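**Q** Give me the fold of what follows.
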Amino acid sequence: MKLAQASLSLVCFLQFTGCRCGQSQEASDAQPSRGTEPKEARAPALLYFPDGGDEVLSSPPDAAGQAFHLPRGRCPDDMVDVSGQFCIDRYEASLVDTLRQRPISPYYYPGRPQTKQSYERWQRLSPQSASALGKQMPVPAPDDWQLKEDFEPKATSRGGVIPNGYLNGVMSARACANAGKRLCKPAEWQMACRGAQGRKFPYGSEYTPGVCNVLRESHPAQLLHLNASINHTDPRLNLVEDADGRLLRPTGGSPQCRSEWGSDGAYDMVGNLDEWVEEPSGEFMGGFYSRGTKEGCDAAITAHPTSYYDYSLGVRCCR
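**A** Prediction:
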């Protein structure tokens, strides 16, 4: 027995230095590390002023994709193939209920109690709005089933529809999971946004006004409530229009704001809605229509935990 063990050790040594006899390299690398504590969710560091506060990602992801491990292969029809490394939704998510595929109102948090509470609250409060527009604009009525039934949201990627705002990070992850997808990692999101040419904006290297739906002159809370920093769960905010039309546009409504991958592309990764990404302490990227940013694909906000939501927050999924 001792001779056999000695022989095995000698073979290992001759084949390669540092051989772990009886254990493969893969098995060793797969052992979980011990003593690693999960990152604690950070509390909001400041009030949410949606026209500022960008944190620029200092370096783009490696274009060679060394950080990504998904196999090359065909993506589903509603997703874009990002260099064969992962798939990303072509459009910002619109939600349906998993049971009957019924569209979920994009103007409320996708849960029965929250929808009912918000709808009833703003029916009472809207006549007290500070502006004439706020007094006159009706509160959008969700479908009756959303007020009476509990439901589970699923993310879909469709063009020409109003994307769902009022999402927090937790519900965003859930909606993606219900679609057989997941939240994008920040580096994945940024890589997809930059397109195959690795540009700062979906359309080029320099900011061009009006190409993406971002940095609009109007702010919906200012128009409804004469104060841009209040009432961010008002379900009417994404219905507000200015001289250039609706502030929140349908998916694909800015056709030149397309992150190109071959003959395909992902729309509105800059502007329209901010989009949640996979970060335990909370992060969303890209900027929404009234955010005062010219950082394009580099723009990121980390001031809020994953439980936070308001009208400007949506998601698109990866796979």
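
**Q** measure stretch 254-265 end to end?
**A** Stretch 254-265 has an end-to-end distance of 13 Å (criterion: C-alpha to C-alpha, to the nearest Å).

**Q** how far is that stretch from where the chain is centred?
**A** Between the centre of stretch 254-265 and the centre of its chain there are 18 Å (C-alpha atoms, centre = their mean, to the nearest Å).

**Q** Could you pull up the mean pLDDT of that stretch?
**A** In this model, stretch 254-265 has an average pLDDT of 98.

**Q** what does it contact?
**A** 80-83, 90, 192-197, 202-203, 211-213, 266-272, 297 (C-beta atoms under 8 Å, 6 or more residues apart in numbering). Every residue, glycine included, has its C-beta placed from N, CA and C.

**Q** which stretches of this structure have low pLDDT?
**A** 1-73 (pLDDT under 70).

**Q** In which helix or strand does the nearest residue in space to Leu215 that is not next to it in sequence reside?
**A** Excluding the flanking residues, the one nearest Leu215 by C-beta to C-beta, 6 or more residues apart in numbering is Gly292, at 5.9 Å. Using DSSP states H and E, no element contains Gly292; it sits outside every helix and strand.

**Q** distance of Gly292 from Glu149?
**A** Distance, Gly292 to Glu149, by C-beta to C-beta, to the nearest Å: 40 Å.

**Q** Tyr311 too?
**A** With distances taken as C-beta to C-beta, Tyr311 is found 24 Å from Glu149.

**Q** higher neighbour count, these two?
**A** Tyr311 (28 against 13; other C-beta atoms under 10 Å).

**Q** Phi, psi for the nearest residue to the more buried one once chain neighbours are set aside please.
**A** Of all residues not flanking Tyr311 in the chain, Leu237 sits nearest, at 4.1 Å (C-beta to C-beta, 6+ apart). Main-chain dihedrals, Leu237, degrees, to the nearest 10: phi -60, psi -40.

**Q** okay, now His304: neighbour count?
**A** Neighbours of His304 using other C-beta under 10 Å come to 25.

**Q** Remind me which helix or strand it belongs to.
**A** Element membership for His304, per DSSP H and E: none, as it lies in no helix or strand.

**Q** my read: it touches Gly282, true?
**A** Yes - using C-beta atoms under 8 Å, His304 makes contact with Gly282 at a distance of 5.1 Å.

**Q** measure Arg100 to Ser118 for me?
**A** Applying C-beta to C-beta to Arg100 and Ser118 gives a distance of 22 Å.

**Q** So for these two, which residue has more residues nearby?
**A** Ser118 (19 against 9).

**Q** Break down the chain into its helices, ranges please.
**A** 2-15, 25-29, 112-125, 132-136, 144-148, 169-178, 186-194, 220-225 (DSSP state H).

**Q** ok, and what's touching the fourth one?
**A** The contact list for helix 132-136 (C-beta under 8 Å, 6+ apart) reads 126-129, 223-225, 236, 240.

**Q** one more time with 10 Å, if that's ok
**A** 125-129, 220-221, 223-226, 231, 234, 236, 240-241 (C-beta atoms under 10 Å, 6 or more residues apart in numbering).

**Q** Tell me which two of those sit farthest apart.
**A** Gln128 and Glu241 (21.8 Å; C-beta to C-beta).
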